[in-house]
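**Student:** task: produce atomic coordinates for the following.
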Amino acid sequence: MTHVGKGRSKLEMKMSRWLVILALTTLLFNAAGVLYGQQNHLVNWPEGISPQELGSRVAQHFVTSPHQYQETIHYSEVVTWYGALTFAQTTNNTKLRDELIKRFEPLMPGGAESSRIPKLHYVDDSVFGVVPLEIARETHSARFLDYGTQWADRQWENPLPDGLSSETRYWIDDMYMITVLQVEAYRATHDKKYLNRAAKEMAAYLDKLQQPGGLFYHSIDVPIYWGRGDGWMAAGMTELLSELPKDHPLYPRILLGYRTMMAALLRTQGKDGMWRQLIDREDAWPETSSTGMFTYAMIVGVKRGWLDSDVYGIAARKAWIGLAGYVDQHDEVTNVCEGTNKKNDVEYYLLRKRITGDFHGQGPLLWAATALLQP
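**Tutor:** Predicted coordinates:
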């Protein structure tokens, strides 16, 4: 009896071990399934539109493109340069990176094209500093780092009484131009003052411009939901949240603003995956620069866990496929809204020209391609 009892005990112990192993295997399998569920919407692309292929084509095209404005480097060229550099870094394409740096060298102080360096203390000019900061991040060059931080610090040389940048004007475009420069300065230096500046500025713009439905007016006095303007806001929040610590006092406010906006974009996305020149109007035409920005914001949100992957992952996939259809045989993005000032007139926005190859459209596509390729 004693012998039989011992035998049962061993059998029971063996079965218990197998049950534990089975339970652990099931947990691991389920966890892998959840992870796959989060990512499978953003992989396995139709032939010809993978982010690797499309991003490479558009980035390489940028290297050989002439400056689009005669006098100074325009902010749209800056953000395309930034997109191409981050794409090169993500894909480990050192040849592309070196070509992009070589293209920028003449724009350093004393360089052959230094007359093109922006001169105004103004958001659209100040964002120029993003390119040397990104080059510094990728090459650890002290020369580029010093030059880039000069631009970021200049933006806060004479702050307003409330601590905001003197470049504050409460146009939604600002929340990319100011934010990305300060965030890049933080990435390059790890000095938290840059994050704090960007977070304070972003919270102020959220309070002033975001509407209860989640979208943003172009400015305080222009109650119109302009596509690319809202795109700058979406991309700016995404850049900031990617670096802002969760215990930062303004993190919950900015995340709430971001999620509220993403929910509004989900409701207004077209069946073709695109967003419109005026987001809330079906009679407006599909616009690519805003679609690229919204696609980028959603991709990062899904990958960072800020958004429900099964809902927003599907939307982001549809958006990327829709956007890819607007890249022509010359690797230029079509249906880009021309440069647009603010004006309280719906017809003014509806009648804006559709441009091909404008950097306003090339850049956001590169941001989205890079985000798709990052973990």
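**Student:** the residue nearest to Phe128 when sequence neighbours are not counted: what's it in contact with?
**Tutor:** The spatially closest residue to Phe128, leaving aside those adjacent along the chain, is Pro118, at 4.9 Å (CB to CB, 6 or more residues apart in numbering). Every C-beta, even on glycine, is put in place using the N, C-alpha and C of the backbone. The contact partners of Pro118, taken as CB atoms under 8 Å, 6 or more residues apart in numbering, are Thr72, Ile73, Asp124, Asp125, Ser126, Phe128.
**Student:** what is the nearest of those to Glu287?
**Tutor:** Asp124 (19.8 Å; CB to CB).
**Student:** so the closest one makes contact with Tyr176?
**Tutor:** No: contact criterion CB atoms under 8 Å: Asp124 and Tyr176 do not qualify, at 10.4 Å.
**Student:** from Trp275, how far off is Glu134?
**Tutor:** The gap separating Glu134 from Trp275 is 27 Å, by CB to CB, to the nearest Å.
**Student:** same question but for Thr91, I mixed them up
**Tutor:** 27 Å.
**Student:** got the buried residues for the one helix or strand Lys303 maps to?
**Tutor:** Assigned by DSSP states H and E, Lys303 belongs to helix 288-304. For helix 288-304, burial by neighbour count (16 or more other CB atoms under 10 Å) applies to 288-303.
**Student:** what segments of the stretch 201-350 of the chain are strands?
**Tutor:** Along the stretch 201-350 of the chain, counting by DSSP state E, counting those that start in this stretch, strands occupy 275-276, 286-287, 336-337.
**Student:** kindly report the same for the stretch 1-150 of the chain.
**Tutor:** Assigned by DSSP E, counting those that start in this stretch, the strands in the stretch 1-150 of the chain number zero.
**Student:** just the helices in it please.
**Tutor:** Ranges of helices within the stretch 1-150 of the chain are 2-39, 51-63, 75-90, 94-104, 123-126, 130-139, 142-154, based on DSSP state H, counting those that start in this stretch.
**Student:** can you give me the buried ones in the second one?
**Tutor:** This means helix 51-63. Buried residues in helix 51-63 (16+ other CB under 10 Å): Pro51, Leu54, Gly55, Ser56, Arg57, Val58, Ala59, Gln60, His61, Phe62.
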